[in-house]
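One predicted model, sequence on top.
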Amino acid sequence: MISVIIPIYNAEKWIQKTLDCIKRQTFSDLEIILIDDGSIDQSGQICDSFANSDSKVHCFHQKNSGVSAARNLGIKKATGEYIAFLDADDEIEENYFEELFISIGQADVAVCDVVCKDGKGKEVSRFSMKKQILEQTDAVNLLLTRKNINSGPCAKLFKKDLIKNIAFQPLKAYEDILFVLEAFSNSTHIAVTDRTAYYYYQNDTGAMKKFFREPTTDIIVAADKIIQYIDTHQNLSSECLYITLSHVYQYVVTINPKNKAESRFISEARRLFRRNYMKLLRCGSFSWKEKLLYGAFAIGYLYRRENE
């Protein structure tokens, strides 16, 4: 049986569409676990109604504690041999769970294509690979370089025994890639299928838009953990460091520090670059232009503030 965990917070606009996708699945051995994370709209009532109509659906309500706490509760409540995560505003193809279940076989994790769409339903990007079995190192390289494997727990099927002792960390950002990284690290083989897809919709709950509203240094905390992992796994591509630091810098250049939260983010990002600048210089993935740019940022040439 597959336990499907869906964290929900103020998703009344989208949750019915997602639940309808589950109803149309060709794979029937499912347990649906809905975690209402203290929604203040009608999401909780919609979930209760869905649970009352189907014995395979279980709805739990908790005080608003964030997506990590919701997913962790879902893992604790899951009774299936396999676990899948689904976001409340996304869609899946009718054969989604069937193909992931067929693909996982002797592997520890199965992954599929991800199609990213904007709010109007237009495709903006895609993570896609041909059917294959990946070794652990190859899968981690693809994850950390953001190539072909998306960074979140969705579009994947995990063996429960693999992740039952892994928890989503209480971060406001990047908690997803840290979870997947640990899961992949505990795996021997990761199966890839190209016969189904997960549709991810970019809306107002997206990470970048959340960051604009409330810049969080959790991004720095997570990036630092990823770099520590890279440092202890010398067989990984140097591009892993490049992508990790580049992603942080993308956030840096999107804000103009005008308040305490934004200034703190800039300061913590600069410290991260200082700690890792010598490794950056040795990394062939960086161009010399980027090395100079990031070096200037690390020493405070860019975004220098009097109170730092």
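Thanks, I have it. Numbers count the residues shown, from 1 in each chain.

per-residue pLDDT, Ala139?
For Ala139, the pLDDT comes out at 98.

Can you give the contact residues for the lengthiest helix in the chain?
As assigned by DSSP state H, the longest helix anywhere in the chain is helix 260-282. Applying C-beta atoms under 8 Å, 6 or more residues apart in numbering, the external contacts of helix 260-282 come out as 214-217, 219-220, 223-224, 227, 231, 238, 241, 245, 248-249, 251-252, 255-257, 286, 291, 294-295, 297-300, 303, 305, 307-308. For every residue, glycine as well, the C-beta is placed using N, CA and C.

any idea which helix or strand comes after that helix?
Note on helix 260-282: by DSSP states H and E, the next helix or strand toward the C-terminus is helix 288-298.

Of all the residues in that next one, which ones are buried?
For helix 288-298, the neighbour count (16 or more other C-beta atoms under 10 Å) marks 290, 293-295, 297-298 as buried.

What of stretch 168-187?
168-169, 171-184, 186-187.

In strands only, show me those residues.
Of those, none are assigned to strands by DSSP state E.

ok, back up a step: now the contacts of helix 260-282: which count as buried?
Neighbour counting over the contacts of helix 260-282 (16+ other C-beta under 10 Å) leaves 215-217, 219-220, 223-224, 227, 241, 245, 248-249, 251-252, 255, 257, 286, 294-295, 297-298, 303 as the buried ones.

So Val4 versus Lys225, what's the distance?
Remark: distance between Val4 and Lys225 (C-beta to C-beta, to the nearest Å) = 28 Å.

So between those two, which is more surrounded?
Each of Val4 and Lys225 has its neighbours counted (other C-beta atoms under 10 Å); Val4 has more, 26 against 18.

So what does that one have for phi and psi?
phi -100, psi 120 (degrees, to the nearest 10).

Show me the shaky parts of the protein.
Within the chain, the segments meeting pLDDT under 70 span 204-214, 302-308.

how about 50 then?
Where the chain drops to pLDDT under 50, the residues are 206, 208, 304-308.

show me where it has strands.
Per DSSP E, the chain carries strands over the ranges 2-8, 30-37, 57-62, 82-85, 91-92, 109-117, 123-127, 132-135, 156-159, 189-201.

Adding distance to Leu73, write those strands out as TSV.
Putting the strands of the chain into TSV (distance: least, C-beta to C-beta, whole Å) gives the following:
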stretch	distance to Leu73
strand 2-8	9
strand 30-37	5
strand 57-62	6
strand 82-85	12
strand 91-92	22
strand 109-117	21
strand 123-127	27
strand 132-135	30
strand 156-159	16
strand 189-201	22
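
if we compare the ones you listed, which one ends up closest to Cys21?
The minimum distance between Cys21 and the strands of the chain falls on strand 91-92, with 5.1 Å, by C-beta to C-beta.

And that closest one, what does it pack against?
helix 15-23, strand 189-201 (3 or more C-beta pairs under 8 Å, 6 or more residues apart in numbering; DSSP states H and E).

Let me have the ones you listed in JSON lines, extended by mean neighbour count.
Output for the helices and strands packed on strand 91-92, formatted as JSON lines (neighbours: other C-beta atoms under 10 Å):
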{"stretch": "helix 15-23", "mean neighbour count": "17"}
{"stretch": "strand 189-201", "mean neighbour count": "21"}
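
Just put these in JSON lines and tack on distance to Asn276.
Listed next are the helices and strands packed on strand 91-92 as JSON lines, based on distance: least, C-beta to C-beta, whole Å:
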{"stretch": "helix 15-23", "distance to Asn276": "39"}
{"stretch": "strand 189-201", "distance to Asn276": "27"}
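
Quick one, which of these gets closest to Leu134.
strand 189-201 (4.5 Å).

So what are the sheet partners of the closest one and their directions?
Counting by DSSP bridges, the strands paired with strand 189-201 are strand 91-92 (antiparallel), strand 109-117 (parallel), strand 132-135 (antiparallel).

Please state the offset of the second one from the chain centre?
Put simply, strand 109-117 sits 12 Å off its chain's centre (C-alpha atoms, centre = their mean, to the nearest Å).

neighbouring contacts of stretch 187-195?
With contacts defined as C-beta under 8 Å, 6+ apart, stretch 187-195 is touched by 95, 99-100, 102-113, 128-136, 139, 162, 184.

at 6 Å what do you get?
99, 103-104, 107-112, 129-134, 136, 139 (C-beta atoms under 6 Å, 6 or more residues apart in numbering).

List only buried entries from those residues.
Buried members of the contacts of stretch 187-195, scored by 16+ other C-beta under 10 Å, are 99, 103-104, 107-112, 129, 133-134, 136, 139.

For Lys147, state which of those residues is nearest.
Met129 (9.0 Å).

how close does that closest one get to Asp138?
11 Å.

Same question for Lys156.
16 Å.

more neighbours, the two?
Lys156 (23 against 16).
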